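Asker: my questions are about this predicted structure, shown below with the sequence.
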Amino acid sequence: MSTTLESLSNGVQVGAVLPLLTAIVQRPAWSAKYKKVVAVVVALVAGVATVAADGGWDQFQHGKLTMATILGVLAVSQASYDLVWKPSKLAPVIEALTTRRTPQQAE
């Protein structure tokens, strides 16, 4: 498989599961705008990590491939959240389960 296809394939795989990982840090009480900002920042960081893991830091010399992979992670993460994880209620359940409750909220 070519380097381009391999990098994009890895980006798609990361982007597909990223909403579940993002749900661990997000909280149900956060505004939709704040959740979106967190999701985009996490996706961009994951895209950079995917490029680095795929070809090392030398991989960043290939600007188009780097940007395609980072934007691919972002696009797939947003699409998979909207099309799969949100309708299945799995991401919101993870958010609720990982939210710490104060003693007053537990009552």
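Answerer: Received, thanks. Numbering: from 1, shown residues only.
Asker: excluding its backbone neighbours, what's nearest residue 29?
Answerer: residue 99 (7.8 Å; CB to CB, 6 or more residues apart in numbering). In short, each C-beta sits where N, CA and C put it, glycine included.
Asker: how about the one you found, secondary structure?
Answerer: coil (DSSP: H, G, I helix; E, B strand; the rest coil).
Asker: how far away is it from residue 75?
Answerer: According to CB to CB, to the nearest Å, residue 99 stands 28 Å off from residue 75.
Asker: now residue 51
Answerer: The separation that residue 51 has from residue 75, given CB to CB, amounts to 15 Å.
Asker: residue 13 now?
Answerer: 13 Å.
Asker: low pLDDT regions in the chain?
Answerer: The model of the chain has pLDDT under 70 over residues 1-3, 55-60, 62, 101-107.
Asker: switch to 90 and redo it
Answerer: 1-11, 26-30, 48-70, 85-86, 89, 91-107 (pLDDT under 90).
Asker: leaving aside the residues next to it on the chain, what's closest to the most centrally placed residue in the chain?
Answerer: The centre of the chain sits closest to residue 18, judged by CA atoms, centre = their mean, with a distance of 3.3 Å. Leaving aside its sequence neighbours, residue 18 sits nearest to residue 77 (CB to CB, 6+ apart; 4.2 Å).
Asker: who touches that neighbour in this structure?
Answerer: 14-16, 18-19, 22, 39, 42-43, 46 (CB atoms under 8 Å, 6 or more residues apart in numbering).
Asker: check which helix or strand covers it.
Answerer: helix 63-80 (DSSP states H and E).
Asker: of all the residues in that helix, which ones are buried?
Answerer: By 16 or more other CB atoms under 10 Å, the buried positions in helix 63-80 come out as 65-66, 68-70, 72-74, 76-78, 80.
Asker: okay if I get those residues as TSV plus distance to residue 89?
Answerer: Compiled in TSV, these are given as follows (distance: CB to CB, whole Å):
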residue	distance to residue 89
65	36
66	35
68	32
69	30
70	29
72	26
73	23
74	23
76	20
77	18
78	18
80	14
